[in-house]
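**Student:** Take this sequence and fold it.
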Amino acid sequence: MIKPAEDTPLSALYFAFLAEMAGVPAGVINVVPGYGHQAGAALATHPDINRMSFTGSPKVGREVAAACGRNLVPAKLELGGKGAAVVFSDVDVEHVAEVLAGAITLNTGQVCCTATRWIIHESIYERFVETAKVCLEGTRIGYGLDPESQMGPLVSEKQKKRVLGYLEDGEHSGAEVILRGGEVQVSGHHGFYVRPSLLAGKPDNLCAVEEIFGPVAYLMQFRDEDESLELVNRSNYGLANSVWTADLNRGRRVAESMVAGNSWINAHNVFKHGIPYGGCNLSGFGGGVLGPDTFFDYLSPQSIVRLV
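**Tutor:** Coordinates of the predicted model:
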């Protein structure tokens, strides 16, 4: 059973339609669209539910966990993230800057595990910033089904206001604006389009601490390995981080010291089916095996719910 987010029900409904076309028997997959406080709450508290997998905010994740706890139901919570990418001085700067620019424009930055904190060695910082800025300035923003588009709209008016509000508040609280984002219009299409943004500054800035869920990265500099890890691990989240270096021994050492459910070396947002995936701290707990959709982790004759 799947309860999709109220802003995005069509993809889950179409998934169920494709499953039916592929021969999956009726009743194996059930989609229940609706609002969280109605449909989601009813499912989370239902005594006949035997397993729960939830993707969403820490706030709602606590409510789902409490409901499951009252019914003694195992739950997997994949919540928010504030992913960090640590970039050492021995990398191909242009390549890494291009990859990380692509990370924050993927799905218009609406990806829990993407890298939104860029922690760059001081010796390559200026060069990295200029390269990333050029990459993002050239991003083609447009309708999602247009093959020429590189980044589509945000999911809703509410999310657009949230992203723009964070940019304004971050600048007012001292962040340096490297690349100014903002609302943009796409000819012939109504949508909630924004330009990518780059901010920089102190690690306690609002935009360095809280999940924005938009095409925004916050940059910080570090001098040595210890300082890079201090910057990474000061976050209350712990979903997915990465380290970029030509020294694989250092890469393994740093990756293993990051407090996160997943830490990549010289990659980000790269998943292999069958590998456990989940978070810690405010990013949740109980990661299952990543499959075509993680609700299959709990596939059994018992009742299953996947809330997103």
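**Student:** Okay, now the unreliable bits of the stretch 201-308 of the chain?
**Tutor:** Along the stretch 201-308 of the chain, the model assigns pLDDT under 70 to residues 286-308.
**Student:** so where do the helices sit in it?
**Tutor:** For the stretch 201-308 of the chain, the helices defined by DSSP state H, counting those that start in this stretch occupy 206-209, 225-233, 248-257.
**Student:** so of these, which one's packed in deepest?
**Tutor:** Ranked by average neighbour count under the criterion mean count of other Cβ atoms under 10 Å, the helices of the stretch 201-308 of the chain are headed by helix 206-209 at a mean of 20. The C-beta positions use only the backbone N, C-alpha and C, and glycine is treated the same way.
**Student:** Are there helices or strands packed against it, and which ones?
**Tutor:** Applying 3 or more Cβ pairs under 8 Å, 6 or more residues apart in numbering; DSSP states H and E, one finds that helix 206-209 contacts helix 157-172, strand 216-222.
**Student:** and those, which is most packed in?
**Tutor:** Scoring the helices and strands packed on helix 206-209 by mean neighbour count under mean count of other Cβ under 10 Å gives strand 216-222 as the most buried, with a mean of 23.
**Student:** Sheet partners, orientation included, of that strand?
**Tutor:** strand 115-121 (parallel), strand 197-200 (parallel) (DSSP bridges).
**Student:** from the chain's centre, how far out does the first one sit?
**Tutor:** Put plainly, it is strand 115-121. Strand 115-121 sits 15 Å away from the centroid of its parent chain (Cα atoms, centre = their mean, to the nearest Å).
**Student:** Minimum distance to residue 65: which of the helices and strands packed on helix 206-209 has it?
**Tutor:** helix 157-172 (23.8 Å; Cβ to Cβ).
**Student:** From the rest of the structure, what touches the closest one?
**Tutor:** Applying Cβ atoms under 8 Å, 6 or more residues apart in numbering, the contact partners of helix 157-172 are 7, 109-110, 153-154, 177, 180-183, 192, 194, 197, 199, 205-207, 210, 212-216, 218.
**Student:** I'd like to know which of the helices of the stretch 201-308 of the chain is closest to residue 117.
**Tutor:** Nearest of these (Cβ to Cβ): helix 206-209, 6.3 Å.
**Student:** residues making contact with the closest one?
**Tutor:** For helix 206-209, contacts defined as Cβ under 8 Å, 6+ apart pick out 82, 117, 166-167, 169-170, 173, 175, 199, 201-203, 216, 218, 220, 235-236.
**Student:** picking that back up, include distance to residue 91 when you put the helices and strands packed on helix 206-209 into a markdown table, please.
**Tutor:** Converted to a markdown table, the helices and strands packed on helix 206-209 look like this (distance: least, Cβ to Cβ, whole Å):
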| stretch | distance to residue 91 |
| --- | --- |
| helix 157-172 | 27 |
| strand 216-222 | 14 |
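**Student:** Quick check: the gap between the closest residue to residue 125 other than its chain neighbours and residue 121.
**Tutor:** Among residues not flanking residue 125 along the chain, residue 221 sits closest, at 5.0 Å (Cβ to Cβ, 6 or more residues apart in numbering). Distance, residue 221 to residue 121, using Cβ to Cβ, to the nearest Å: 7 Å.
**Student:** Quick one, grab the pLDDT at the nearest residue to residue 52 once chain neighbours are set aside.
**Tutor:** Using Cβ to Cβ, 6+ apart and skipping residues adjacent in sequence, the residue nearest residue 52 is residue 75, 4.2 Å away. With respect to pLDDT, residue 75 scores 90.
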